[in-house]
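> Here is a sequence together with a model predicted from it:
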Amino acid sequence: MVYPQQFISLLSFPTAIVHIDCDAFFASVEQAIHPEYKGKPVVTGAERGIIAAASYEAKALGVKRGIHLSEARRICPSLIVMPTDYETCSLFSKRMFDIMRRFTPEVEEYSIDEGFADLKGLRRLYRKPYEAIARDMKDTIDRELGITVSIGLSLSKGLAKLCSKFRKPNGFTAVRGYHIHILLERTPLQGIWGIGANSAALLTKHGVKNALDYAHLEEPFVRKLLGKLGVEIWNELNGRSVYPVDPAEKQTYQTITKFKTFSPTVRDPGVLKAFLLRNIESACIKVRRYHLAASKVYITLRTQTFKHLSIGTELNRASASPLELARIADRLFELIFKPDEYRATGVVLSDLIPDDQIQMGLFESPLEIARIEKMSAVIDETNRKYGKHTIHLASTLAAGCQHAGKRGKVTQRKVDLFPGETARQRLQYPRVFMPEL
C-alpha cells in the first residue's frame, strides 16, 4: 500500500525531459562500422594497452574498463581489440544529436555520448504522448546509426538520468510525476546524479537510506547538510526542474585542457617534449577559436606507473600564441623532467580572458606582438584549409612521426581513405567496413 505522504507529485508530465545515453558507445560504434563484430566481445584501447571501452558482450565475460589488455585477453581469448576511433565516434555523436533535433530544437549536448531534450508542448504537434515521441527518437537512432541507446523520460534532468540507467542497455524507462516515488525508492544514494561517495556517507549517518528518503527531507536540513548544490539535487528529485535543457553551444571557457596518452611509452626527453608542445599547439587552436588568451599555463607529465609531475606559472601578459607558450612550456619541462618511462603529457591553459582585453607590458614591443598575431592568423587559416597541424612547430616533429610499436595501432579509418582524402584531410563521413565474402 502506498501512503499519500510518499507521493512526490500528483501530476503526470507538467514537464517532459528526455535523457539519451549511448550503450558502450565507443565499442558500439566499432560494431556498427564492422557488422561482423555484432554480438561479439569488442573492446577499444589497443593504442594504449588498456581497455578504454568494452561492449556488453565483453562485459558479460568479465572484461572491465581500465584493465590491461593482457589480463583482458586472459579472461577472453576471443576478444576483438580495436584502437579508439575518436574521429568516427565524433561523427556518430553529431548524427545522433542531429536526429534528436528533428524531434525538438531544444537539445543539449551533455557529452559525446549523452544528451538531454525538452519535449514539453510537443504532444499537440505529434498527436501522441511523450512516451511515444521518446520511443520514436530512440528507434530512429537505433535504425539509422546501428547503435543502441538507453532513454529516460521524466520531469527533470536528474530524474531522466536515473530513468535512462534503470534498464541499460537498450532500455526505455518513462516515469510520470505520480510514479516518481517508486523510482526513487529503488535508487541508492550513490545512484543520484551529483551525489558522490562522501555525500552518500554523510546522508547515511543521518538515516537517509535511498533517493526517496533524500527527497522527503526538509529543505533547510538539506541546505545545512549539503549546501546549495544539495538543494538543487533535492528539487530535481522532487520533479522541480532546476537545470533547464540548454541548447546553446558553449561560447566561452575558463580553462582549456589537452592531454595525450601514447603507446608504447616514451623515455626520450626530446620525443616527450614534442608531445607536450603538440598539446600546447592543440590547446592554442581552441583558445584562438573562441578569441581568448591564457593568463596561466600548467603542464603535466604522467609516468607509466601513473605518477604525475606537474608545474605551472602565471604569464606577464595573456597569450594564445603557441610560439610564446611553447617557450614557457619548454622551460617548465626542464624543471620537472626526470628520467623515467612516460605514458602521457598534458597542458592546462587557465584564467582565460577575451583576446581584446590583453594588456601589454611597459617594455614589450607592440610590433613584435602584432607580428606574432599576424603569423598565428595565417597558420590558423592554412590549417583550416589543409588540415590540423599542417603548419606546426619544428620542435613537434617527433610527435608528428608515427610513434609506433607493438601497440602503436592506428584506426582503420586513417588507413582506408576515400578517393581524394589525405592523412590530414578527410570527409566528415564514417566508413563502414564490410567483411570479405
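On my side now, so go ahead.

> Tell me the confidence at Ile379?
Note on Ile379: pLDDT of 82.

> That one and Ala293, how far apart?
16 Å (C-beta to C-beta, to the nearest Å). C-beta coordinates here come from the backbone N, C-alpha and C atoms, glycine included.

> cool, Ile195 as well?
From Ile195 to Ala293 the distance is 37 Å (C-beta to C-beta).

> same thing with Arg384?
For Arg384, the distance to Ala293 - C-beta to C-beta - is 20 Å.

> Now do the strands in the stretch 151-300 of the chain.
Ranges of strands within the stretch 151-300 of the chain are 172-174, 256-266, 292-303, based on DSSP state E, counting those that start in this stretch.

> For the stretch 101-250 of the chain, give me the ranges with low pLDDT.
Applying pLDDT under 70 to the stretch 101-250 of the chain flags residues 250.

> run the last query once more with 80
Along the stretch 101-250 of the chain, the parts satisfying pLDDT under 80 run over 249-250.

> Helices of that one, start to end?
122-126, 130-145, 157-166, 180-185, 197-205, 211-215, 219-237 (DSSP state H, counting those that start in this stretch).

> If you count contacts, what does the last one end up packed against?
Counting contacts by 3 or more C-beta pairs under 8 Å, 6 or more residues apart in numbering; DSSP states H and E, helix 219-237 is packed against helix 157-166, helix 197-205, helix 211-215.

> Mind splitting the protein into its structural domains?
The chain breaks down by automatic domain parsing into domains covering 4-21+89-237, 256-400.

> any idea which of those is most buried?
Among the domains of the chain, ranked by average contacts under mean count of other C-beta atoms under 10 Å, first place goes to domain 4-21+89-237 (a mean of 18).

> got a list of what the residue nearest to Arg223 when sequence neighbours are not counted touches?
Once flanking residues are discounted, Arg223 sits nearest to Val231: 5.1 Å by C-beta to C-beta, 6 or more residues apart in numbering. With contacts defined as C-beta atoms under 8 Å, 6 or more residues apart in numbering, Val231 is in contact with Glu219, Val222, Arg223.

> same thing with Ile151?
18-21, 134-135, 137-138, 163-164, 171-173.

> rewinding a little: ok, which of the strands of the stretch 151-300 of the chain comes nearest Gln359?
strand 292-303 (10.4 Å; C-beta to C-beta).

> Within its sheet, name the partner strands of the following helix or strand past the closest one and how each one runs.
Per DSSP states H and E, strand 292-303 leads on to strand 308-319 as the next helix or strand towards the C-terminus. Sheet pairing here is set by DSSP bridges, and for strand 308-319 it gives strand 292-303 (antiparallel).

> how many degrees apart are the strand it pairs with and strand 256-266 in direction?
Direction vectors for strand 292-303 and strand 256-266, defined by axes from the mean of the first three to the mean of the last three C-alpha atoms, to 10 degrees, enclose an angle of 30 degrees.

> from the chain's centre, how far out does strand 292-303 sit?
20 Å (C-alpha atoms, centre = their mean, to the nearest Å).

> That one - what's its average pLDDT?
pLDDT averaged over strand 292-303 gives 92.

> before we move on, what about stretch 265-283?
pLDDT averaged over stretch 265-283 gives 90.

> Send over it as PDB, restricted to the C-alpha atoms.
Provided in PDB are the C-alpha atoms of stretch 265-283 (Å, rounded to 0.1, in the frame of the first residue of the first chain):
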ATOM      1  CA  THR A 265      55.800   4.500 -23.500                       C
ATOM      2  CA  VAL A 266      58.400   7.200 -24.100                       C
ATOM      3  CA  ARG A 267      61.800   7.600 -22.300                       C
ATOM      4  CA  ASP A 268      63.400  10.000 -24.800                       C
ATOM      5  CA  PRO A 269      63.100  13.600 -23.400                       C
ATOM      6  CA  GLY A 270      63.100  15.000 -26.900                       C
ATOM      7  CA  VAL A 271      60.100  12.900 -28.000                       C
ATOM      8  CA  LEU A 272      58.300  13.500 -24.700                       C
ATOM      9  CA  LYS A 273      58.800  17.300 -25.100                       C
ATOM     10  CA  ALA A 274      57.500  17.100 -28.700                       C
ATOM     11  CA  PHE A 275      54.200  15.500 -27.400                       C
ATOM     12  CA  LEU A 276      53.900  18.200 -24.800                       C
ATOM     13  CA  LEU A 277      54.400  21.000 -27.300                       C
ATOM     14  CA  ARG A 278      51.900  19.400 -29.600                       C
ATOM     15  CA  ASN A 279      49.400  19.700 -26.600                       C
ATOM     16  CA  ILE A 280      50.300  23.400 -26.500                       C
ATOM     17  CA  GLU A 281      49.500  23.800 -30.200                       C
ATOM     18  CA  SER A 282      46.200  22.000 -29.900                       C
ATOM     19  CA  ALA A 283      45.200  24.000 -26.800                       C
END
